[in-house]
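Novice: Have a look; sequence and predicted model below, questions after that.
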Amino acid sequence: MEGKNSWYLVDGYRPAPEPDPGCHYEGHESIMILNPNAIDAHVLITIYFEDREPAENIPLLVPAKRIRSFRSSDSSLLGGCVLSVNEQYSMSFKSDAGIIVQYGRLDIQQANMAYMALIGYSE
């Protein structure tokens, strides 16, 4: 995959300076996939679990020069695979075009919420 000499910020978002008084936060996980190429990326996702067989070869299209972002709770994008709350899992992404994958989590289980974002390991 090209791009090791270049870095991309995948999870770009410019928030309002002050939150809407009526808003509330929702804990979630997000997967962001950037396709910087001039061709569509055909991605196959595999989800691995601690106590059952993996859900394999879930197709996802990432259009050319676009980002595809989704929450792990959206089973419609995961081939019907349901990822339950508090369930441990891992994912792999195989693509026919170079992509960049990032993962983010907003954890609100404590009063001091935490957000983390990770760039996936790539080969």
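Specialist: Right, received. Where do you want to start?

Novice: who does the helix or strand in which P59 is found pair up with?
Specialist: Here P59 sits within strand 55-62, counting by DSSP states H and E. As defined by DSSP bridges, the strand partners of strand 55-62 come to strand 41-49 (antiparallel).

Novice: May I see the buried residues of the partner strand?
Specialist: The neighbour-count check on strand 41-49 (16 or more other Cβ atoms under 10 Å) flags A41, V43, I45, I47 as buried. Heads up, the C-betas are built off the backbone N, CA and C, glycines and all.

Novice: sorry, back to before: can I get the strand holding P59 in CSV? Just the C-alpha atoms.
Specialist: The C-alpha coordinates for strand 55-62 follow below in CSV (Å, rounded to 0.1, in the frame of the first residue of the first chain):
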residue,chain,number,x,y,z
ALA,A,55,-18.1,-13.4,10.4
GLU,A,56,-16.1,-13.4,7.1
ASN,A,57,-16.0,-11.6,3.8
ILE,A,58,-18.6,-8.9,4.5
PRO,A,59,-18.4,-6.6,1.4
LEU,A,60,-18.2,-2.9,1.6
LEU,A,61,-17.7,-0.4,-1.2
VAL,A,62,-15.6,2.8,-0.6
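
Novice: mind checking the end-to-end distance for stretch 82-91?
Specialist: Using Cα to Cα, to the nearest Å, one end of stretch 82-91 lies 13 Å from the other.

Novice: For the remainder of this discussion, apply numbering that starts at 599.
Specialist: Yes, from this point I'll number from 599; that puts the last item at stretch 680-689.

Novice: contact partners of that stretch?
Specialist: I629, I643, T644, I645, Y646, F647, E648, S670, S671, S673 (Cβ atoms under 8 Å, 6 or more residues apart in numbering).

Novice: Could you pull up the mean pLDDT of it?
Specialist: Stretch 680-689 shows a mean pLDDT of 82 in the predicted model.
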